[in-house]
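Asks: sequence unknown, structure follows:
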């Protein structure tokens, strides 16, 4: 039987980490879009060398399970950063690097390899005629990109972005291995301290579900708003 | 102390590769079927059932896989027991397949639904106006146009599935990741990075194959171009 | 919002029903026959309990379980290795009937499970510090960096209890799921990332320090506690609990537990005196 | 051969057809004219049940339906005895030109592949697109696509062909080639219902013109009666905007 008292306790206990989990997810989500856009642009514009690097990078990121990648980052990121700080003669002990940073880097990179595909597809879906029309009106390429192409591509990409956000939310829970506490981690912490595992997982599942419902609702709203404007 | 060499680790991991593959293959196939059924219910707007598909899809997409694995393996048997269905002997592997099937199916529902919706109304009307039965219309006209749209999303879903099989170890399934953990633990984690890099290499190979397969399907199914006839005016 | 409420309700019902399904796990029993007990141990806690790549389950606790199994005629233990959160989740829903894993006794555990009065073993908590750092007790750790603790683990509780009793020495404590291997933890002490690592002494630290040639030392244990086993709460398991308790008592008195301890830990953990509860 | 009584359709709470009666004889070419949004296309789509009417009766050849309690089988029957040419062509994108023409013959009429192919080739030749038979629709111009679509409609030998604004999405220079094909179809004696804004063409090919406004049939009659002798104020108002030539003709007549 589920213990109601524990459920309620857990609910408020876990609720305290929801804001920071969502904030972390939003940070990673935005970074992944930025990196993903960069990758997509490199591929679209056929930048030599960089394109090959991006393809190799994507192959690696898409293939490596996140749990593995986080570990690899945990062990190697400090020495990578250490190498650079040493190179630039900065006085910074890279082994003090925060696990949150490591998690952000690892998850952003992994998710960005999926985002790149989404973004590429959505930009391809904007017809060439739109770009021609913008050019014919004297827009600079950047203006055309920002004012005409991006809004249309966004409509196309939005549902996928919604999915990606949920992937990020779930992915963060792996950060517990390197001490980052999110919804799932808090549930496990509480469970480990009071041994009520089932109760903690029920509450955690509902939290994730609730956040997801909210995200789906918001993207849906934003989507219909964008559609109504195009 | 004995720490295994790289090649020993590789061969130890490949020894259990078939377990990962069976779980992967079974949940990929069953998940696709489940996704197709859920999508069908969803687009046909069957009352009650449709709400259930929405719940399944949103739940499986948003809740961490590990919780889903626990629900299927630990919560489902006593639950079904209350209804007189005895599945207490369900093995961890079967539970893993079941959980991943639900997860993959739920994820694919979104992909398939979007692809189905991408087929224009005119295509339905044209087939209807010619007297196609719904089944004939679906298999001859709608499905062939849905598949190419769904393929990239399906490819992504497969990659997510491949990644998530690495979590079934939590239930005690001896898959690649499970054995990797055991190998690392046996030498007190001193060779963990080495073991994980090898795991990464194996998974990269699998995703590479998966992506290649999807690309092959894309080539096969997309001989026609899916832009609208109106756009074609400019081309001609 | 309505949909969400509905979903919450649905999920709640599912899991409540699941948690209520008491009788399903015990149906296996047939009168007069040997009853098979599903027993779980941790898979990756080497020396305490671990599984080898070819599936053998080894370690102090598995061996203790086997010794108990030999003494109990009416029961057969089916020992399997699963991750910690799965262990307790499965025990709560009746999938498993008996768990070991270096558990410390807590009121919540005694409330939810049957706990034999006789411990399975002793857990020593030690501090690992850099050679020459001069750190010897918890008080010396004020202002120092301590490696994150395994979430909810007994170690954390011990330190928290100590902190409560000694509020004047404020320590900075962090938590993690504990998947970072001890080898890494000890290396972090060696290279100065952290000043101290506190943990149960039964997870291969000595081997690691020796193998990697780390300049890490361990002062005397800061805590010595008992570890317990957890049994799924049901009427018929009360009999099991009593028999297990009796078996453990005999094993300790015969010196079998000490032998097993020598084999896996290189010392008899029963030689240490239990830390007094304050 | 086609009789419609009291046909009523509404989309949501907007009434689109408010009780329409129509009588069509075999071989008739009936053209619907009128302002946009008055339900011309809707009538056509009721005939093959692409739009679900609220009520009304219809008799098509030997099929008689009550729209209030129409059966799935009856819907299929209606559709098998009619064919539609759409404003947006709606060629099956996943099929080549010849496959588009063949497919319904195989899927619906259960003809052999060979038989279907031969008939399709024949029809494609008639619409002048034989050399495009293995192209996918996206490679064709709008006019070409619409001609294929006409061949596809004729392939199933329907009792009635429904043309729904077949030239409205075409560039002006492509309209003529499509109209020429429709005219040839009209001459074969097949029954046609047509919605179009090409008044000259309507006058030339139709033997019956139906003028509609706001969900009602305002006036119907032969092209002469409508375009040259209409006394109806609303018809004249409409023609004044869309077909000024008619007003001149009326002036001559009166």
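Replies: Thanks, I have the structure now. Keep in mind the model is a prediction, meaning the values are calculated, not measured.
Asks: distance of the closest residue to residue A:144 other than its chain neighbours from residue A:123?
Replies: Once flanking residues are discounted, residue A:144 sits nearest to residue A:134: 3.7 Å by CB to CB, 6 or more residues apart in numbering or on different chains. The way it works is simple: take the backbone N, C-alpha and C, and place the C-beta from them, glycine included. Separation of residue A:134 from residue A:123 (CB to CB, to the nearest Å): 14 Å.
Asks: and what of residue C:138?
Replies: 59 Å.
Asks: what residues are up against the nearest residue to residue C:215 once chain neighbours are set aside?
Replies: Distances taken as CB to CB, 6+ apart place residue C:131 nearest to residue C:215, at 4.2 Å, with adjacent residues excluded. Counting by CB atoms under 8 Å, 6 or more residues apart in numbering or on different chains, residue C:131 touches C:215-217.
Asks: Can you give me the neighbour number for residue C:84?
Replies: Counted with other CB atoms under 10 Å in any protein chain shown, residues neighbouring residue C:84 total 27.
Asks: no wait, residue D:155
Replies: Other residues close to residue D:155 by other CB under 10 Å number 25.
Asks: can you give me the helices in chain A?
Replies: A:4-15, A:18-44, A:50-63, A:66-87, A:99-124, A:128-136, A:141-143, A:150-172, A:183-194, A:197-229 (DSSP state H).
Asks: could the ones you listed go into TSV alongside mean pLDDT?
Replies: Below are the helices of chain A laid out as TSV (pLDDT from 0 to 100):
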stretch	mean pLDDT
helix A:4-15	86
helix A:18-44	92
helix A:50-63	90
helix A:66-87	83
helix A:99-124	89
helix A:128-136	74
helix A:141-143	79
helix A:150-172	85
helix A:183-194	84
helix A:197-229	86
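Asks: quick one, which of the ones you listed is packed in tightest?
Replies: Comparing these by mean neighbour count (mean count of other CB atoms under 10 Å in any protein chain shown), helix A:183-194 ranks first with a mean of 25.
Asks: That helix and chain C in contact?
Replies: Yes - Helix A:183-194 lies within reach of chain C by CB under 8 Å from any CB of the partner chain, at A:185, A:188-194.
Asks: List just the nearest of those residues to residue D:176.
Replies: Using CB to CB, residue A:185 is the member of the residues of helix A:183-194 next to chain C that sits closest to residue D:176, with 71.4 Å.
Asks: excluding its backbone neighbours, what's nearest the closest one?
Replies: Residue A:185 sits nearest to residue A:176 (CB to CB, 6+ apart), 3.8 Å away.
Asks: Isn't the one you found up against residue C:176?
Replies: Yes - at 6.5 Å, residue A:176 counts as touching residue C:176 under the criterion of CB atoms under 8 Å.
Asks: Neighbour count for these two, which is higher?
Replies: The residue with more neighbours, out of residue A:176 and residue C:176, is residue A:176; 25 against 21, by other CB under 10 Å.
Asks: Which pLDDT does the model give the more buried one?
Replies: For residue A:176, the model assigns a pLDDT of 81.
Asks: got it, and residue C:1?
Replies: In this model, residue C:1 carries a pLDDT of 43.
Asks: now residue C:153
Replies: 68.
Asks: and if you look at residue A:96?
Replies: 69.
Asks: now residue C:19
Replies: 48.
Asks: Name the single longest helix found in chain B.
Replies: helix B:192-221.
Asks: now residue B:22, nearest residue through space, not along the chain?
Replies: residue B:93 (7.6 Å).
Asks: is it true that the one you found touches residue B:19?
Replies: Yes - because the distance of 7.1 Å satisfies CB under 8 Å, residue B:93 is recorded as touching residue B:19.
Asks: anything in contact with each of the two?
Replies: Contacts common to residue B:93 and residue B:19, judged by CB under 8 Å, 6+ apart, are residue B:173.
Asks: Quick check: residues of chain D near chain B?
Replies: Near chain B, the residues belonging to chain D are D:48-50, D:76, D:79-84, D:86, D:88-96, D:103-104, D:107-108, D:136-142, D:144-145, D:152-153, D:156, D:162, D:169, D:171 when assessed by CB under 8 Å from any CB.
Asks: next one: chain A
Replies: A:59-60, A:62-69, A:71-72, A:75-76, A:114, A:117, A:121, A:127, A:129, A:159-160, A:163, A:166-167, A:169-170, A:173, A:184, A:198, A:201, A:204-205, A:208-209, A:211-213, A:216.
Asks: For residue C:117, see how far away the most centrally placed residue in chain A is.
Replies: Residue closest to the average C-alpha location in chain A (CA atoms, centre = their mean): residue A:29, at 3.0 Å. Per CB to CB, residue A:29 is found 52 Å from residue C:117.
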